[in-house]
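Engineer: Based on what follows, work out the 3D shape:
(chains A, B, C, D, E and F, ligands or ions: 6)
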Amino acid sequence: MDLLHALSSNLLSPAVLFFALGLIAALTKSDLKFPESLYASLTIYLLVAIGFKGGVAINEAGLGKVWLPALAAITLGALIPLWTYPLLRFGGKFTAVDASAIAAHYGSVSAVTFIAATNYLKAVNQPYESYATAFLAVMESPAILVGVVLGKLGSKRNGPLDLATLKSTVHEALFGRSIFLLVGALVVGALCGKAGMDKVESFFVTPFQGVLALFLLEMGLVAGRRLEDLRKVGPFLLAFGVVMPLLHGALGVYLGRLAGLELGGATLLGVLSASASYIAAPAAIRMSLPEANPTYYLTASLAITFPFNITVGIPIYFAMAGWLYS
Amino acid sequence: MDLLHALSSNLLSPAVLFFALGLIAALTKSDLKFPESLYASLTIYLLVAIGFKGGVAINEAGLGKVWLPALAAITLGALIPLWTYPLLRFGGKFTAVDASAIAAHYGSVSAVTFIAATNYLKAVNQPYESYATAFLAVMESPAILVGVVLGKLGSKRNGPLDLATLKSTVHEALFGRSIFLLVGALVVGALCGKAGMDKVESFFVTPFQGVLALFLLEMGLVAGRRLEDLRKVGPFLLAFGVVMPLLHGALGVYLGRLAGLELGGATLLGVLSASASYIAAPAAIRMSLPEANPTYYLTASLAITFPFNITVGIPIYFAMAGWLYS
Amino acid sequence: MDLLHALSSNLLSPAVLFFALGLIAALTKSDLKFPESLYASLTIYLLVAIGFKGGVAINEAGLGKVWLPALAAITLGALIPLWTYPLLRFGGKFTAVDASAIAAHYGSVSAVTFIAATNYLKAVNQPYESYATAFLAVMESPAILVGVVLGKLGSKRNGPLDLATLKSTVHEALFGRSIFLLVGALVVGALCGKAGMDKVESFFVTPFQGVLALFLLEMGLVAGRRLEDLRKVGPFLLAFGVVMPLLHGALGVYLGRLAGLELGGATLLGVLSASASYIAAPAAIRMSLPEANPTYYLTASLAITFPFNITVGIPIYFAMAGWLYS
Amino acid sequence: MNHHPMKLVTIVCESHAREAVTKMLREAGAHGWTLFPVEGDGAHGRRPADIPEYTNVQVEVIVPPEVSNTLFERLGREFFPRYAMIAFESDVRVLRPGKF
Amino acid sequence: MNHHPMKLVTIVCESHAREAVTKMLREAGAHGWTLFPVEGDGAHGRRPADIPEYTNVQVEVIVPPEVSNTLFERLGREFFPRYAMIAFESDVRVLRPGKF
Amino acid sequence: MNHHPMKLVTIVCESHAREAVTKMLREAGAHGWTLFPVEGDGAHGRRPADIPEYTNVQVEVIVPPEVSNTLFERLGREFFPRYAMIAFESDVRVLRPGKF
Ligand SMILES: Nc1ncnc2c1ncn2[C@@H]1O[C@H](COP(=O)(O)O)[C@@H](O)[C@H]1O
Ligand SMILES: Nc1ncnc2c1ncn2[C@@H]1O[C@H](COP(=O)(O)O)[C@@H](O)[C@H]1O
Ligand SMILES: Nc1ncnc2c1ncn2[C@@H]1O[C@H](COP(=O)(O)O)[C@@H](O)[C@H]1O
Ligand code: NA
Ligand code: NA
Ligand code: NA
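Structural biologist: Ligands and ions are numbered 1, 2, ... in the order given. Take a look at the predicted model:
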């Protein structure tokens, strides 16, 4: 499948069109609003569903197949801040704290982008390793820890790197609600296996794509409300938010191949690598590096990289994997 | 199918029985309560689902089939206030502002009544043009605009009809959340077509009837709480809330036939014409004609016409269409 | 199926594993939290679904089959406080008010435990009388009334047993939201029958097990937060919360057999008898016996008996029924 | 502007007390009230607002001083011994004193 | 501590008035506001907070005394005759007066 | 009635600060608190309450005057420079002073 076809089949999917509808609603200042608890409920559903499915897949594939690419994912996540930080600090002239905060976001991952990518692969009939959810689970935290350490080392005003900060960052990074739900559901799925899946499939799997479409409508609203901050962040960050995902996407796909994944799984590792966190990382950064300016990291991850990945990024990483595997 | 059969098959459907249960809960002052965000969430689901389905139908039928009956729908909606206003003003002795407010509500439409009608047609195995959702979408606003103009012209105390009021009314009527969701989902559906439907059908279509039943339980509660206002509105409005739907229903069915719709589609145009708005119209009227008394228009549309249509109105309009087409 | 097999097939089900995950989240002080309205929405869904299904089953089985075991259920519920009260009062040294409050909770029932039990029977392919929901419906109130009367008689400080209190207790016990929803949906289901079920099955039945799994995650959180109160209640209540369910479970299974139920139905009556209320009873007791200490009755029913039943109680009662019927 | 002094009485109580409280407000002479669910912590432990039945509500009511006194008398006598709750009074100013 | 006197203006109104109220706050000189949905009872009957369109919102705004006066003037003139609502003012103290 | 003067401290802050704030309240000597999610507008822009992580919470706490002073000292020193928030104090009266 060539890039154009890959793109158009993504852009005309209900999920992406509903995302665009949400963007439009935000831009036209329509009073459309999802209740706060609907957002929270859909998030719980999506994380539990994807985690459970991934766990069942691990149960079937065996941990032996999962550990190597998972290790690759962790390493990649932890390393990304090491080059994004200097780039932001010296290329983008950001302060040490802001640079490390943004770097943490880009090393970490976006679960919704990952879910949209699995959706996309399903739509184009590309099989993928369902246990890839495990990579999502392990890639959320490492970059956050690295980013916080960078931020503490790079800036004195920000207070020294003490043990208490490190401990609470680790706790936040490992026990935050999204990571807890995802890992928890993964373990439940791994324990239940196929027999458990049969019982809950019609709730956690069958309606999944439709729920995602509705959720992306809301995410369009949320991202759209941030669009007006675009002019505050400057051209460097704008370019960063588009170019880095492409580089990281290519890197992830390549590493995925090295780690022995199939085309579908390599695409997903590329997507994870290319995506930037906008829930878990902000929460941890807000607590550990409160001096970092949220306008920078939230606008970059939520208003630039997230929409980019959802619309054109995912098919591009898929095309990259296609080239690499052909 | 004769009227009696049509009636009983509606009254014994889960949707209508749950509606009755909600009414009973309100009347017996049970502390049953739906959380506010469940109402909002179900509304979003229903509007997106019906809009999306309608859009897919337009994609398949082609706009060529839709424009004529849609034009008929718009015209009907815009005209209804022209006779209901004088009737209320001079027959019912309402003030100009109250008369125009009520007229706006009866020219506009109730999405839930429409959805219940599609449900009913499905239950009695009557095929209908799925693109009829487009009529719902275009019929919400015209009567509101006409009603506001009537109210402004008819009453001096109410302030002159200035451009700012008109502009904000038009904005409210066109970009309010329900109309935005409905039209947006319609466009998304029209762009996706059948391929998109396949992906989200198990969320937006399969469980739809059950969701509607649950939602009507809540609507029974909401309408039931208004029932005690019935004695405040006087016998004229009571009669108005039952007789006008019958007249408008017949008119809608007849116009539907003229515009080339099948039996099912004509029934739906009758239902739209007979229904009265209780969400979009109140919001617009509250802003543009704040002097109008909500007790009148809300009680009429929500506590009289809505329950009447849900229980016996829909099968009657269907029977009317049956006679006309036989 | 022997007890060990019965136990392990319960403990490895998604529902129970998600319950355990919720407990772990509470114990590790994860910030995982369900929005209040999600809890309320899932409760509404579960009660309406189980009630509706039960009503359809009554419609098919006929009331003739239901009345005798229903009478047995009511009697059992009303009698349980008569021996738990003196046991708590004199064995556990509780005040008259506390003893009667706890007794009311153990005579009443837990809808979620019942639902989990139907789920379990389905998982082990054990057919059961679907109309058993009727027993759930009738067993909620009697013990509450008996408990309140006991509490009023046993304690002077608590005010005399006047008619107003009794009336408001009866109202609360009969028209509280959970009982209203359950009985209401039961009646709707009985009126609709199979034809109605066909329409809403894909919403109220197909995804039911998955919804329950998600709900038990939340219930694990709720129960887990109460675990730290365990050390406040003393060893007597700890033992009471485990031993009484076993006795009541056996009694319920036995009575179920006497009343002519099959193995599945007798298991369910055992489960009902063994379960303790933690929503309806606390609400009624809080109003009628406000001097009773919630730490005792809530901790016992929610943090001891509920987790015990969900994890090992249900398979034990099923095994008991197996022995009795073999 | 013509501001008139009134009392704002705020009550935070377990949601089971909700009906009893609003009924009492009416009896004591209040013409309206405002209410919303809240989380809380206090002598009776955390109330984490995830089950409607186990949460708190905050009730706010604007009343003339004499009604506030009646309210506090009944709160102290009938409610404080029974329910997990707090109540406090503060001074506010309103435009339309006849409304309260 | 260096506390500075300010006014807290609290408005409880039907949710339809929400946009008009927050717009007016800005025009009158407020630098921010806080808002949440509430249930209520009053002269216009019960508002049971189950449909977003039929419920109330409570708006709280901290302003200097002169802005509070402007607010109440506009509330009394433009809003009270049109919407179901109440508003009241109370005295509060803040640390960073420049913020308000 | 026997009313006792107390201070009501109200804090509106981004929800990320929630744990830090409630922990600080306990440390400063408060015996309880009340909390709910709110929307807001201010120097840091609109916070539209549609994602729990991006919204505000309002915390209300009744304390004796000296605790209020401690609270404001710590708020001014540790919290205001870090978080999007406001805090204000007002005078209230309660019945059971020992409770606070
Ligand atoms: N000092 C306080 N400040 C603010 N709210 C409080 C305070 N103490 C108690 N509350 C609220 O009142 C509820 C009941 O209090 P208690 O009976 O002390 O558990 C708590 O859950 C809180 O919401
Ligand atoms: N005396 C009062 N105390 C507190 N809130 C009130 C009072 N009167 C009215 N309200 C609130 O203001 C809203 C509108 O009031 P009304 O216009 O009187 O119906 C009500 O729904 C209540 O939320
Ligand atoms: N003048 C004000 N009156 C009421 N609430 C305010 C005011 N200013 C700020 N807030 C609240 O405090 C939050 C944080 O304020 P800020 O740091 O100014 O963005 C806002 O989102 C509002 O909820
Ligand atoms: Na990444
Ligand atoms: Na109409
Ligand atoms: Na029991």
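
Engineer: what pLDDT does residue 24 get?
Structural biologist: Since you didn't name a chain, this refers to chain A. Per-residue pLDDT puts residue A:24 at 95.

Engineer: should've been chain D
Structural biologist: 97.

Engineer: Confirm it sits in a helix?
Structural biologist: Yes. Per DSSP: H, G, I helix; E, B strand; the rest coil, residue D:24 lies within a helix segment.

Engineer: quick one: what helix or strand has the most centrally placed residue in chain D in it?
Structural biologist: The residue lying closest to the centre of chain D (CA atoms, centre = their mean) is residue D:11, at 3.2 Å. Using DSSP states H and E, residue D:11 falls within strand D:4-14.

Engineer: quick check, residue D:60 in a strand?
Structural biologist: Yes. Using three-state DSSP, the assignment for residue D:60 is a strand.

Engineer: That one against residue D:35, yeah?
Structural biologist: Yes. Judged on CB atoms under 8 Å, residue D:60 makes contact with residue D:35 at a distance of 7.5 Å. From N, CA and C alone the C-beta is placed, and that goes for glycine too.

Engineer: give me the low-pLDDT residue ranges for the stretch 51-200 of chain A?
Structural biologist: A:156-161 (pLDDT under 70).

Engineer: Ignoring the adjacent residues along the chain, who's closest to whichever residue of chain D sits closest to ligand 5?
Structural biologist: For chain D, the residue closest to ligand 5 is residue D:32, as judged by CB to the ion, at 34.4 Å. Sequence neighbours aside, residue E:42 is the residue nearest to residue D:32 in space, at 3.3 Å (criterion: CB to CB, 6 or more residues apart in numbering or on different chains).

Engineer: wait, what's in contact with the one you found?
Structural biologist: D:31, D:32, D:33, E:84, E:86 (CB atoms under 8 Å, 6 or more residues apart in numbering or on different chains).

Engineer: Residue A:147 now?
Structural biologist: A:81, A:85, A:100, A:101, A:103, A:104, A:105, A:107, A:281, A:285, A:289.

Engineer: so which of these comes closest to ligand 6?
Structural biologist: Out of those, the member with the shortest distance to ligand 6 (by CB to the ion) is residue A:281, at 47.6 Å.

Engineer: my read: the closest one touches residue A:300, true?
Structural biologist: No. Judged on CB under 8 Å, residue A:281 makes no contact with residue A:300 at a distance of 11.0 Å.

Engineer: what do these two both touch?
Structural biologist: Common neighbours of residue A:281 and residue A:300, using CB under 8 Å, 6+ apart, are residue A:105.

Engineer: Of all the residues in stretch A:186-196, which ones are buried?
Structural biologist: A:186, A:187, A:188, A:189, A:190, A:191, A:192, A:193, A:196 (16 or more other CB atoms under 10 Å in any protein chain shown).

Engineer: make that stretch D:33-43, sorry
Structural biologist: For stretch D:33-43, by 16+ other CB under 10 Å, it's D:33, D:34, D:35, D:36, D:37, D:38, D:39, D:40, D:41, D:42.

Engineer: So what pairs up with the second one in the strands?
Structural biologist: Residues in a beta bridge with residue D:34, per DSSP bridges, are residue D:60, residue E:40.

Engineer: now it: how far from ligand 2?
Structural biologist: Note on residue D:34: its distance to ligand 2, by CB to the nearest ligand atom, to the nearest Å, is 4 Å.

Engineer: so what pLDDT did residue D:54 get?
Structural biologist: pLDDT, residue D:54: 84.

Engineer: Just give me the neighbour total for it.
Structural biologist: By other CB atoms under 10 Å in any protein chain shown, 23 other residues sit near residue D:54.

Engineer: Quick one: residues contacting it.
Structural biologist: Residue D:54 neighbours (CB under 8 Å, 6+ apart): C:222, D:15, D:47, D:48.

Engineer: at 10 Å what do you get?
Structural biologist: C:36, C:39, C:222, C:225-226, C:278-279, C:282, C:294, C:298, C:302, D:14-16, D:47-48 (CB atoms under 10 Å, 6 or more residues apart in numbering or on different chains).

Engineer: and the residues you listed, which are buried?
Structural biologist: C:36, C:39, C:222, C:225-226, C:278-279, C:282, C:294, C:298, C:302, D:14-16, D:47-48.

Engineer: Residue in chain D with the shortest distance to chain E?
Structural biologist: Going by CB to the nearest CB, chain E is nearest to residue D:32 of chain D, at 3.3 Å.

Engineer: Check the contact between that residue and residue E:39; I expect there is one.
Structural biologist: No. Residue D:32 is beyond contact range of residue E:39, at 11.1 Å (criterion: CB atoms under 10 Å).
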